[in-house]
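Colleague: With the input below, show me the fold.
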Amino acid sequence: MNALVDHFPALQVVVPMLMAPLVVLLRPRGLAWAACTMASVLTFAIAIQLVQGVLVGGPTSYLMGSWPAPYGIELKVDAFSALLLLVVTGASVFALVGGRESLDGQIEAGRQPYFYAAWLLALAGLSGIVVAADAFNIFVFMEISSLASYVLIAGGPDRRALPSVFKYLIMGTIGATFYLIGVGLIYMMTGTLNLGDMELRIQAVADQRPILAAAGFITVGLALKAAIFPLHVWLPNSYTYAPHMVTAFLAACATKVSLYILLRFDFFVFQGNLEGHALQFTFYLMPVAILGILVGSAVAMFENNIKRLLAFSSIAQIGYIILGASFVTVAGLTAGIVHIFNHALAKGALFLAVALFATVAGGLRLDDLKGIARRMPWTFGAFVIAALSLIGVPGTAGFVSKWYLITAAMELGTWGLPLVALILVSSLMAVVYIWRIVEAACFGEAPYEPAAPASVPPLLVVTLWLTAAANIYFGLVPELPLTLSGDAAADLLGHLP
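Modeller: Numbering: from 1, shown residues only. Sure, this is the predicted structure:
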């Protein structure tokens, strides 16, 4: 058993990668979903074991083929990557387990094996990005996850997803190209692709101008992938027109993985070697974080489609993560990283509830949701819990990260007071756009009475309530994500001079 445990970092990627071609061969209805779900559950169990290993024994390094780094391929799991693995694999499990009937209704039977194969490739790609310790394999896994995500978003019945995917493809390709150009410049100057080796060799580079150019290319490319304002234009329609379970899966983890790479690359490689880069990092990211929070929240206040509303909310929440990182302090980074986890919980639950609303309401505009709280009280109750977490009400997971973010801003002294005001105002803006949904659902009159009660998938209701309960649990007992986030923040800042 111990020998198998040693291979967990590799199995995190290998299991879904090997299962993907096998799923294509499973033609009988339901078998492809069962195999995909089984692989996801297995990767989730591996992620839990890796988290326990990091908490007990510290970071784990795995050498593919026993070739030492930087000559061979290295996989590494530390506190930051362990937290992201938990988010990615957990999002996949909950979306698949609860979404069986929803996916059956939106994906044609003949296309399901290909759809679930793409799902596993997206899972393998996102997990691979998180564990890879060299820049080129990060790019390879980035492309695997992106190509699979395009298939997932376009796999539903809504043809409006096709132009959305095309925009996503163009923007994603530009982002990946920028990232690759930056990596090429660093390789030209250092002769290595391993992040740890790269950090050491950059110190010996006499001409830092190509490294500065690489930092610009990589930061902008990953900002495109992460949908950081104003490079977010691909995200709203992609979330809106994708199958509901795909939205729940990708909204919980896809942009978070790109943020993970952005932070790891910048703190590991650039900030410890480029003079004044920490200040440049702050001056670049803090304004776009502030604008992202305000603009994303403001647009959400006027949206009528609930999926699109929550998509713009995600842009604002990404702003919170970037704002914490821009402080370049342990408290700020801890707040930003723990919000990655807490936002995944809240937004995953909200999109699971949206999938249930769609089974009864028929549409997802606010007018379609009038009176839905009376017809689906249990579903709406879970939706409200997740929405309170998104706002940051005490007792929920979202409050923990916003409280830490406010604390980190207060540590900046007088300059932090406007940022505290921003966080409070944006939380009030979140109250406004969530209240629009609550008002329609609780006090609006249904446009018509259904001839027969729609069938509500019981497994999806159970999954939704488990996710909603997790928002409360991690709001009251936040030690696990806070410990991992604090360790990750200390590790990132440990690479600064």
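Colleague: Which of the helices or strands spans residue 97?
Modeller: Residue 97 belongs to helix 79-98 when assigned by DSSP states H and E.
Colleague: what are the C-alpha coordinates of that helix, in PDB please?
Modeller: Extracted in PDB, the C-alpha atoms of helix 79-98 (Å, rounded to 0.1, in the frame of the first residue of the first chain):
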ATOM      1  CA  ALA A  79      -0.200  23.100   0.500                       C
ATOM      2  CA  PHE A  80      -1.300  25.300  -2.400                       C
ATOM      3  CA  SER A  81      -1.600  22.500  -5.000                       C
ATOM      4  CA  ALA A  82      -3.200  20.100  -2.500                       C
ATOM      5  CA  LEU A  83      -6.000  22.700  -1.900                       C
ATOM      6  CA  LEU A  84      -6.500  23.200  -5.600                       C
ATOM      7  CA  LEU A  85      -6.600  19.400  -6.200                       C
ATOM      8  CA  LEU A  86      -9.400  19.200  -3.500                       C
ATOM      9  CA  VAL A  87     -11.400  21.900  -5.400                       C
ATOM     10  CA  VAL A  88     -10.900  20.400  -8.900                       C
ATOM     11  CA  THR A  89     -11.700  16.800  -8.000                       C
ATOM     12  CA  GLY A  90     -14.500  17.700  -5.600                       C
ATOM     13  CA  ALA A  91     -16.200  19.900  -8.200                       C
ATOM     14  CA  SER A  92     -16.000  17.000 -10.700                       C
ATOM     15  CA  VAL A  93     -17.500  14.500  -8.200                       C
ATOM     16  CA  PHE A  94     -20.400  16.600  -7.100                       C
ATOM     17  CA  ALA A  95     -21.300  17.800 -10.600                       C
ATOM     18  CA  LEU A  96     -21.300  14.200 -11.900                       C
ATOM     19  CA  VAL A  97     -23.000  12.500  -9.000                       C
ATOM     20  CA  GLY A  98     -25.800  15.000  -8.800                       C
END
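Colleague: Show me what that helix is packed against.
Modeller: helix 31-57, helix 112-131, helix 244-265, helix 330-361, helix 458-476, helix 479-493 (3 or more CB pairs under 8 Å, 6 or more residues apart in numbering; DSSP states H and E). C-betas here are computed from N, CA, C, even on glycine.
Colleague: Skip ahead from the first one and say which helix or strand is next.
Modeller: Using DSSP H and E, the helix or strand that follows helix 31-57 towards the C-terminus is strand 60-63.
Colleague: Now do the buried residues in that following strand.
Modeller: Buried residues in strand 60-63, counted by 16 or more other CB atoms under 10 Å: 60, 62-63.
Colleague: re the thing from before, average model confidence for the helix holding residue 97?
Modeller: Throughout helix 79-98, pLDDT has a mean value of 92.
Colleague: Who are the packing partners of the helix or strand following that helix?
Modeller: Once helix 79-98 ends, the next helix or strand along the chain (criterion: DSSP H and E) is helix 100-106. Applying 3+ CB pairs under 8 Å, 6+ apart, we find helix 100-106 packed against helix 31-57, helix 112-131, helix 244-265, helix 330-361, helix 458-476.
Colleague: Spell out the secondary structure type for residue 76.
Modeller: strand (DSSP: H, G, I helix; E, B strand; the rest coil).
Colleague: contacting residues around the spatially closest residue to it that is not a sequence neighbour?
Modeller: Nearest residue to residue 76, sequence neighbours excluded (CB to CB, 6 or more residues apart in numbering): residue 133, at 4.2 Å. By CB atoms under 8 Å, 6 or more residues apart in numbering, the contact set of residue 133 is 61, 69, 74-76, 194-196.
Colleague: what's the distance between residue 133 and residue 265?
Modeller: 12 Å (CB to CB, to the nearest Å).
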